[in-house]
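Enquirer: 3D, please:
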Amino acid sequence: MSSSKAEPGRRLPIVVLLSGSGSNFAAIAAAAADGSLAVEVRAAISDRPAAFGLERARALGIPAVAVPVADFPDREQHDAALARAIDHYDPALVVCAGYMRIFTTAFVSHYADRMLNIHPSLLPAYRGLHTHRRVLADHGRWHGCSVHFVTEELDGGPLVAQAPVPVLPGDSEASLSARVHRAEHRLYPTVLEWYARGRLRCEHGRAWLDQQPLETPVRLEDLDGET
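Expert: Numbering: from 1, shown residues only. The predicted structure is shown next:
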């Protein structure tokens, strides 16, 4: 893997993993293109050949690679092939952006401290799937998204930052999901820029920002005054 910090004037090489529409991938690619995010998106890789996110990548001239689950007899062999596909592009960071499969232990170990994920809830609440539906069923007042380092624990790695989103009267799963997505598209590029600039790291099972361990995740409203 490449160096985990972007040198002055250089961009941090990343690979993005996705399974669906790739809206977070598009937000990351747009921020990289306009210069607000110091990363080089070297490839988008999906477990689903028909994922629209791969079409987005092709339209931008970014390599789009499918590693279909059906081509392999078990998770271990699929993840090994996925790792080979990722490592072909020599990224410094693996960015999970709507990748919907649980990784094997060997895969997580291979990218330890060098893989981030965004999850549509205010973790540790609502780990797993169907978060918008579950928040509405619970009549929750707040929802949102979280960025964390990936560990073997499902949606349980060290938290970096969160964006709270209020649940509004009359919200449907679709309307709440749309607002959470807008928050994700702000939050994820911000966190990736921290990593690219060497401000963020994961060490000894903890997230560190500006040489200080994060006792609680940074909240998006705390970032609005940053330059």
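Enquirer: Could you say whether the spatially most central residue of the chain sits in a helix, a strand or coil?
Expert: Residue closest to the average C-alpha location in the chain (C-alpha atoms, centre = their mean): N117, at 3.3 Å. Counting by DSSP: H, G, I helix; E, B strand; the rest coil, the backbone at N117 sits in strand.
Enquirer: Report the beta-bridge partners for it.
Expert: C96, H148 (DSSP bridges).
Enquirer: and the nearest residue in space to L37 that is not next to it in sequence, what helix or strand is that in?
Expert: Nearest residue to L37, sequence neighbours excluded (C-beta to C-beta, 6 or more residues apart in numbering): A31, at 3.7 Å. Glycine gets a C-beta too; all of them are placed from N, C-alpha and C. Assessed by DSSP states H and E, A31 sits inside helix 23-33.
Enquirer: So which elements touch that helix?
Expert: The helices and strands touching helix 23-33, judged by 3 or more C-beta pairs under 8 Å, 6 or more residues apart in numbering; DSSP states H and E, are strand 12-18, strand 39-46, helix 52-59, helix 173-196.
Enquirer: my guess is the residue nearest to L37 meets P189, correct?
Expert: Yes. The criterion here is C-beta atoms under 8 Å, and A31 meets it with P189 at 4.2 Å.
Enquirer: what is in contact with those two at once?
Expert: L37 (C-beta atoms under 8 Å, 6 or more residues apart in numbering).
Enquirer: How about the contacts made by the closest residue to V218 other than its chain neighbours?
Expert: Nearest non-adjacent residue to V218, counting by C-beta to C-beta, 6+ apart: A161, 4.2 Å away. Applying C-beta under 8 Å, 6+ apart, we find A161 in contact with 146-147, 187, 190-191, 217-220, 223.
Enquirer: Give me the neighbour count for the nearest residue to P91 once chain neighbours are set aside.
Expert: In space, P91 comes closest to V15 once its chain neighbours are excluded; the distance is 4.2 Å by C-beta to C-beta, 6+ apart. Per other C-beta atoms under 10 Å, the neighbour tally for V15 reads 25.
Enquirer: Who are the contact partners of V15?
Expert: 41-45, 86, 89, 91, 93-95.
Enquirer: ok, now with 6 Å
Expert: Counting by C-beta atoms under 6 Å, 6 or more residues apart in numbering, V15 makes contact with 42-43, 86, 89, 91, 94.
Enquirer: hmm, back to that, tell me which of the helices and strands packed on helix 23-33 sits nearest to H204.
Expert: When the helices and strands packed on helix 23-33 are compared by C-beta to C-beta, helix 173-196 sits nearest H204, at 17.0 Å.
Enquirer: That'll do, ta.
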